[in-house]
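Enquirer: 3D model of this:
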Amino acid sequence: MDQVADVDIESDGVYKYILIKVSDKKSSASKMVVRGYSWADYHADILDRVSPKFHRLGLTYECLGGGRIDHNSRDKLIKIYGYSVVS
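Expert: The predicted model follows:
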C-alpha cells in the first residue's frame, strides 16, 4: 500500500477526479486515494489508466465516485464540486 500515493492530481486547472478505495486482501488494509487529470474526457478514463498499477501490486480497487476539481496552486485553493455516477 505504501507504493500507492494518497493523492495524484494536476497542479492547476479544472479537471475530473475520482475517489478510489484500494485494498490489500492479504493484510486487510485499505485506503482512499484521489486521482485527477485534465486529459480525462470521462471519469472512467481515469480508472482505466490507473487500475493496471493496482493489479500489478496485487491490490483490489473500487471507484466510489468523483466530480471536478478546480485547482489554483498559486493561491493555494482547491474547489471540489460536481459528481460522477458509479455503476
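
Enquirer: Could I get the contacting residues of the most centrally placed residue in the chain?
Expert: Relative to the mean C-alpha position of the chain, the nearest C-alpha, by C-alpha atoms, centre = their mean, is the one of residue 35, at 2.4 Å. Residue 35 makes contact with 8, 9, 17, 18, 20, 46, 50 under the criterion C-beta atoms under 8 Å, 6 or more residues apart in numbering. C-beta here means a position set from N, CA and C on the backbone, and glycine is covered the same way.

Enquirer: Check residue 26 too.
Expert: Residues touching residue 26, when contacts are defined by C-beta under 8 Å, 6+ apart, comprise residue 58.

Enquirer: could you say which helix or strand contains it?
Expert: Taking DSSP states H and E as the definition, residue 26 sits outside all helices and strands.

Enquirer: And for the one 4 residues further on?
Expert: Element membership of residue 30, judged by DSSP H and E, is strand 29-37.

Enquirer: list the buried ones in that strand?
Expert: Residues of strand 29-37 classed as buried under the neighbour-count rule (16 or more other C-beta atoms under 10 Å) are 33, 34, 35, 36, 37.

Enquirer: What strands flank that strand, and is each parallel or antiparallel?
Expert: Each strand that strand 29-37 pairs with, and the sense of that pairing, follows from DSSP bridges: strand 7-9 (parallel), strand 12-24 (antiparallel).
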